[in-house]
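Peer 1: The following block contains a protein sequence and its predicted model.
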Amino acid sequence: MKRRLLILLAIGIILLVIPIVRALLPISNAEYDVISLVKGKEKYDVIVIGGEPEGIAAAIASARNGAKTLLIERRNGLGGLMTYGRLNYIDLGLDKDHQPANAGIFKEWHQMVGDGISFDVNKAKRVFKKMTDDEPNLTVLTDTDIKQINVSKDDGLIKGIIAENSDGLIAYTAKRYIDSTANADFAAKAGAPYFVGQSDIGRHNTNMSVTLMIHLINVDWSKLKEVAAAKTFGEATVNDRVAWGFWGVSEKYHPHLSNTRLRGMNIARQSDGSIYINALQIFGINGLDEKSQDQAIKQGELETKYVVKFLRENFPGFENAQIADYPPELYIRETRHIKALYQLSIQDVWENRDQWDSIGFGSYPVDIQATSPKGKDEVVVNPKQYGIPFRSLIPKGFNNMLVASRSSGYSSLAAGSARIIPTGMTTGEAAGVASVLSINKGEYYPKMSKDKPIIQLLQSKLVKQGAHLYHFELDYPYKGEWFYPSLVKLYSRGLIYAGYNNDLKLNQPISEKEFIHLIQTGLERSHPNQYKKANWPTQSNEKPITRDRAAEWLLQIKTGSRGQYNQPWDALYEKHLIDKDLYDRIPMDRELIKSEAYALAAKMI
């Protein structure tokens, strides 16, 4: 009896002590139950997570369409990359008629900050705040972290969240959720599937460079115009507020740190006379790791000092330049890519495809920044315009959550275009309107995405509220050419780049070295085991490759044998390594042009 009483007493003490211990522990992402510490519970129609420009557009759109809306931001203010990363140079896309591709709430904000390709950072902060303050249905919480997400995996619903700020822990519920954090942090924490960087094309553990914006004072703007006119650092354009070009600077500047470099300079002038420069690239940084980000900021601050020294000594107009301050955050171009019901592909972008459920346009060049100091910044293609489908905002496995940011459902290459802020604000606005429509119609997002009448209603609402949206049909580079299917295989893996002019120079010869590099890179990304086992040629040079030379090498790579073939082109066909169409197109041994070499490479890869 005494033993039983002692056991019951011990259990009672444990049950009393556990809540006390939990109350004393600091709140973290630990898996213990925090509900007992929550002070209250508030209900909303729509909760938007992330005060980036995309999230602001989403929250405003939701509120304007009658939903009780909550916007949660971890920082102490709004604007994200624009105001904390100080990226004050706007990448603007034009549609097929050379009109701005993005309108609606982005256009409204853009006109309030000056309607140019740059803006004053402090003014942007004020405008974002005014736009959210003016919405009676919108509540904004800053300095607030999401501590817990209640997800029902059985029905794919987010049931509620627990957030923490200076008021303590508060529970919030909503009918719909929109993740507009730059890295899709909320969706990832909820369990949405995603991939990181360019792993979808076989480039694992790679990320585009990050940038620390450079903020300077005492720069003589008039001299920059003289430098541009004299082409001292190559082609450049300077007007009253912005300048771009000066690619010669990247060649003449020798970085102090091995993982940094300068690219061509985008320069934006503020109303106080100071300037911001987007040019400093920092490599090898994990944009999802705070320690890595902190390290990059320190490296960027150090390298900035050497950049300014170089500019003062070599670039007229910068003789008296001084560092005004350093941004508190990096410009991070790429981290997660959410896996959505429809993954916008680079083929969609290349082919200027409309989408039946399009909620906005993208049109910016597919800008893939280098991943290493010796790498190149490349443009895959320069589209006229393409539609962004509503399905690309819906993460797989979830019914009441959308993702509207640069981390939406895009392939890594497509994101090179779709990641720009005007396009992101367009998707954010669409997400806000769609959320209210979803609630009013009683349909969750996946079902809604298959309901054509509701999608048409969504599109008409967006147009009535100022969005730029219509259906279209356009041609695209190399449409209908015999070799175009081969180009798709290559550009979809990031192996060929058409540049700003959409010109692959397909009638030019290709060197032995370039051809082998193409095959090596393609196999390494698509078939890494085959790449490792392949018997690679030991000699190649800059002379044009011939048909039979290419055939000999491909047979060697594929079979592992260096055997001599009297008719290597015939042997390649007999081993089914090329089809009859390609076999018949090159009936005699001669130099290959790129269209033929690309078709040959695509068959191998």
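Peer 2: In hand now; what should we look at?
Peer 1: And the helix or strand encompassing residue 298, how far out from the chain middle?
Peer 2: Assigning secondary structure by DSSP states H and E places residue 298 in helix 290-314. A distance of 24 Å separates the centroid of the chain from that of helix 290-314, by Cα atoms, centre = their mean, to the nearest Å.
Peer 1: tell me which strands and helices it is in contact with?
Peer 2: Here helix 290-314 touches strand 214-217, strand 260-269, strand 275-282, strand 322-325, going by 3 or more Cβ pairs under 8 Å, 6 or more residues apart in numbering; DSSP states H and E. For the C-beta atoms, the positions are set from N, CA and C on the backbone; glycine is no exception.
Peer 1: switch the cut-off to 6 Å
Peer 2: Packing partners of helix 290-314 (3 or more Cβ pairs under 6 Å, 6 or more residues apart in numbering; DSSP states H and E): strand 275-282.
Peer 1: neighbouring strands for the strand it packs on, and are they parallel or not?
Peer 2: Strand 275-282 sits in its sheet next to strand 210-211 (antiparallel), strand 214-217 (antiparallel), strand 260-269 (antiparallel), going by DSSP bridges.
Peer 1: what about those, which gets the closest to residue 505?
Peer 2: Between residue 505 and those, the shortest separation by Cβ to Cβ is 22.1 Å, and it involves strand 260-269.
Peer 1: For the closest one, report the contacting residues that lie outside it.
Peer 2: Strand 260-269 has contacts (Cβ atoms under 6 Å, 6 or more residues apart in numbering) with 88-89, 118, 241-247, 249-250, 253, 255, 275-279, 281-282, 303, 373.
Peer 1: Output that strand as PDB, nothing but the C-alphas.
Peer 2: Extracted C-alpha coordinates of strand 260-269, given in PDB (Å, rounded to 0.1, in the frame of the first residue of the first chain):
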ATOM      1  CA  THR A 260      33.800  37.900 -54.200                       C
ATOM      2  CA  ARG A 261      33.900  39.900 -57.500                       C
ATOM      3  CA  LEU A 262      32.400  42.900 -59.200                       C
ATOM      4  CA  ARG A 263      30.000  42.600 -62.100                       C
ATOM      5  CA  GLY A 264      28.600  45.500 -64.200                       C
ATOM      6  CA  MET A 265      27.200  48.200 -62.100                       C
ATOM      7  CA  ASN A 266      23.600  49.200 -61.600                       C
ATOM      8  CA  ILE A 267      23.700  52.600 -59.800                       C
ATOM      9  CA  ALA A 268      20.600  54.400 -58.300                       C
ATOM     10  CA  ARG A 269      20.700  57.900 -57.000                       C
END
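Peer 1: tell me which residues of the longest strand along the chain are tucked away?
Peer 2: Longest strand in the chain by number of residues (criterion: DSSP state E): strand 168-179. Within strand 168-179, the residues scored as buried using 16 or more other Cβ atoms under 10 Å are 169-172, 174-179.
Peer 1: do stretch 351-368 as well
Peer 2: 351-355, 357-368.
Peer 1: so residue 444 touches residue 402, yeah?
Peer 2: No - applying Cβ atoms under 6 Å as the test, residue 444 and residue 402 come out as separate, 10.8 Å apart.
Peer 1: Which of those two has more residues huddled nearby?
Peer 2: With neighbours defined as other Cβ atoms under 10 Å, residue 444 and residue 402 compare such that residue 402 has more, 32 against 20.
Peer 1: which residues does that one contact?
Peer 2: 178, 393, 431.
Peer 1: And these, which is closest to residue 206?
Peer 2: residue 393 (25.5 Å).
Peer 1: how about the nearest residue to that closest one, chain neighbours excluded?
Peer 2: Residue nearest to residue 393 in three dimensions, not counting chain neighbours: residue 402, with 4.5 Å by Cβ to Cβ, 6 or more residues apart in numbering.
Peer 1: The one helix or strand residue 243 maps to: which residues count as buried?
Peer 2: Assigned by DSSP H and E, residue 243 belongs to strand 242-245. Going by neighbour count (16+ other Cβ under 10 Å), the buried part of strand 242-245 is 242-245.
Peer 1: Take those residues and lay them out in CSV including pLDDT.
Peer 2: Listed next are the buried residues of strand 242-245 as CSV, based on pLDDT from 0 to 100:
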residue, pLDDT
242, 96
243, 96
244, 95
245, 95
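Peer 1: now the strands for the stretch 401-550 of the chain?
Peer 2: Listed in chain order, the strands of the stretch 401-550 of the chain (DSSP state E, counting those that start in this stretch) span 401-403.
Peer 1: can you pull out the helices in it?
Peer 2: Under the criterion DSSP state H, counting those that start in this stretch, the stretch 401-550 of the chain carries helices at the ranges 412-418, 421-441, 445-448, 452-464, 484-491, 512-526, 528-533, 547-559.
Peer 1: so which of the strands paired with strand 275-282 is the most packed in?
Peer 2: Compared across these, strand 210-211 shows the largest average neighbour count, a mean of 26 (mean count of other Cβ atoms under 10 Å).
Peer 1: Run the chain-centre distance for that one.
Peer 2: Using Cα atoms, centre = their mean, the offset of strand 210-211 from its chain centre is 13 Å.
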